[in-house]
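1. generate coordinates for the sequence data below:
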Amino acid sequence: TEESLRKSHSELQALLEERTAELAKVKAVLKEEVEALANAEQRLERSEQQVEAPQAEPELHTRELLLLSELGNLLRSCSSADEAYQVIARAAPNLFPNLVGDLFVVSPWRNLMGAVAHWGKVVPDQRTFSLADCWALRTGRVHWVENTHAALLCRHLRKPVPEAYVCVPMIATGEVLGLLHLTQSEEGALTPATRRFAATVAEYIAMALVHLKQPGTPRLQSLCDTLTGLFNRRYLADFLELELDRSLKSRRPLGIIMLDVDNFSAFNDTFGQEAGDALLRELGRFLQSNIREGDIACRYGGGVFGLVLPGGSLEVTQQRAELMREGVKHLVVSHRGELVGQVSVSIGVAAFPEHGRSEAALVRAAEAALYEAKKEGRDRVVVAQ
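-> Numbers count the residues shown, from 1 in each chain. A predicted model of the protein is given here:
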């Protein structure tokens, strides 16, 4: 009957909906199983890659050992530090592929680093910098920076600043000998393994320098005045340019003092050149022992000396100049066992930002002030106009 047909149709409709719901559940289960299988395959692929990696590690380790052995043999065969630096510059590209590097050594005066070897595509770093500019040298530990946009950076970094770098101090018998500095030229080139390898290479180089007993270089020695032991005019210009750049960025003041021995030519004529040299040596010791930490004293030429005071305001620089002028009067200078008389100095003072924003401008201002001090009667301090 019609009623029976409607009942059968309703039962079929219910059965169809039930089967559709069951199929949907089965489909969902199958989808989950397919996703689980895909994830398992991915995990298996990663596991296989990780299994293969340790197999490649011994090859890399063997290669490093061979390179280190060759480097060690060459360094032991060197008869001078300069030969060792040439060996390092030639070997480094194989030791550190895809990295730019510099080798710095400390000066004989223990407060200056200078580049002696370079490798990579970047122009060689010819600058000198203070030991205090490098965190590795300050802490005596490797300083590794993975991201220079969010890390504590060394002040000696060249521009443009690299994405990542590592500084490895070279230390032997408790003494800082130099610095191995590496920067990456390709993303991901500077790995933890490379950092560890760099520390080993630095140890090899440090041992070689100790063996050669020549941590200095002709280039670094050329920055020193042999008579007084102070830095020379060339270093004053380099240091002043570097510190002035920092002052411009940090808006800190910077002072410069130009000091000249009064009547130095007459002193030489009266007592002789050897006595004049004795005077300059004594004055050099006085200046070196009376400057603040971070300041430098240089022999500019003849009886003229220059001092740079990073962070020194015009007022502070003038005060320091007055103290030095008074202190020089109490120097005891003797030659061949005889006192050679009292000495006085004339001093010119200039400062950033008051008297210029370049190394040349500040030196000119200080020299002009020194000329005025001598013109006004000597034994006085004059501030640049």
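2. quick check: phi and psi on Asn147?
-> phi -140, psi 110 (degrees, to the nearest 10).
3. please verify my assumption that it contacts Glu163.
-> Yes - using C-beta atoms under 8 Å, Asn147 is in contact with Glu163, at 7.1 Å. The C-beta positions use only the backbone N, C-alpha and C, and glycine is treated the same way.
4. okay, and Asp379 sits in which element?
-> For Asp379, there is no helix or strand it lies in under DSSP states H and E.
5. contacts only, for the nearest residue to it once chain neighbours are set aside.
-> Once flanking residues are discounted, Asp379 sits nearest to Ser344: 4.1 Å by C-beta to C-beta, 6 or more residues apart in numbering. Going by C-beta atoms under 8 Å, 6 or more residues apart in numbering, Ser344 touches 261-262, 325, 328-329, 378-379.
6. one more: Asp295?
-> Neighbours of Asp295 in contact, by C-beta under 8 Å, 6+ apart: 307-310, 312.
7. would CSV of these with pLDDT be doable?
-> Shown next, in CSV, are the contacts of Asp295 (pLDDT from 0 to 100):
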residue, pLDDT
Leu307, 96
Val308, 94
Leu309, 93
Pro310, 89
Gly312, 93
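8. show me which of the residues you listed is closest to Leu236.
-> If you rank the contacts of Asp295 by distance to Leu236 using C-beta to C-beta, Val308 comes first, at 6.6 Å.
9. give me the neighbour count for that closest one.
-> Per other C-beta atoms under 10 Å, the neighbour tally for Val308 reads 27.
10. helices or strands up against the helix or strand where it lies?
-> Taking DSSP H and E as the criterion, Val308 maps to strand 304-310. Using 3 or more C-beta pairs under 8 Å, 6 or more residues apart in numbering; DSSP states H and E, the elements in contact with strand 304-310 are helix 233-250, strand 254-261, helix 273-289, strand 296-301, helix 314-328, helix 359-375.
11. circling back: I'd like the contacts of Asp295 written out as JSON lines, with distance to Ala361 added.
-> Compiled in JSON lines, the contacts of Asp295 are given as follows (distance: C-beta to C-beta, whole Å):
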{"residue": "Leu307", "distance to Ala361": "17"}
{"residue": "Val308", "distance to Ala361": "14"}
{"residue": "Leu309", "distance to Ala361": "17"}
{"residue": "Pro310", "distance to Ala361": "17"}
{"residue": "Gly312", "distance to Ala361": "17"}
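12. now for those residues: which two are most distant?
-> Leu307 and Pro310 (10.9 Å).
13. more crowded one of these two?
-> Of the pair Leu307 and Pro310, Leu307 is the one with more neighbours under other C-beta under 10 Å, namely 28 against 22.
14. tell me the contacts of the more buried one?
-> Per C-beta under 8 Å, 6+ apart, neighbours of Leu307: 256-257, 259, 287, 291, 295-298, 320.
15. what do you get if the cut-off is 10 Å, keeping everything else the same?
-> Contacts for Leu307 (C-beta atoms under 10 Å, 6 or more residues apart in numbering) come out as 230, 236, 255-259, 287, 290-292, 295-298, 300, 317, 320-321, 324, 347, 349, 366.
16. re the thing from before, most tightly packed of the helices and strands packed on strand 304-310?
-> Most buried of those by mean neighbour count (mean count of other C-beta atoms under 10 Å) is strand 254-261; its value is a mean of 26.
17. what's the residue closest to the geometric middle of this structure?
-> His156 (3.4 Å; C-alpha atoms, centre = their mean).
18. that one and Leu112 touch, don't they?
-> No - checked against C-beta atoms under 10 Å, the pair His156 and Leu112 is beyond contact range at 11.4 Å.
19. can you list residues touching both of those two?
-> 104, 128-131.
20. which of the residues you listed fall within strands?
-> Under the assignment DSSP state E, these contribute 104, 128-129 to strands.
21. out of those, who has the most neighbours?
-> That'd be Phe104 among these, by other C-beta under 10 Å, with 26 neighbours.
22. show me what contacts that residue?
-> 112-117, 125, 127-129, 131, 134, 137, 156, 167, 170, 177-181, 220.
23. give me the buried subset of those.
-> 112-117, 125, 127-129, 131, 134, 137, 156, 167, 170, 177-181, 220 (16 or more other C-beta atoms under 10 Å).
24. from those residues, which land in strands?
-> Per DSSP E, the subset of those in strands is 113-117, 128-129, 167, 170, 177-181.
25. related to what we said a few turns ago, of the ones in strands among the shared contacts of His156 and Leu112, which is the nearest to Phe271?
-> Thr128 (36.0 Å).
26. separation between the residue nearest to that closest one when sequence neighbours are not counted and His156?
-> Of all residues not flanking Thr128 in the chain, Gly114 sits nearest, at 4.8 Å (C-beta to C-beta, 6+ apart). Distance of Gly114 to His156, given as C-beta to C-beta, to the nearest Å: 11 Å.
27. just give the closest residue to Leu137, not the sequence neighbours.
-> Using C-beta to C-beta, 6+ apart, the nearest residue to Leu137 is Leu131, at 4.7 Å.
28. got a list of what the one you found touches?
-> Leu131 neighbours (C-beta under 10 Å, 6+ apart): 104, 106-107, 110-113, 137-138, 156, 169, 176, 179.
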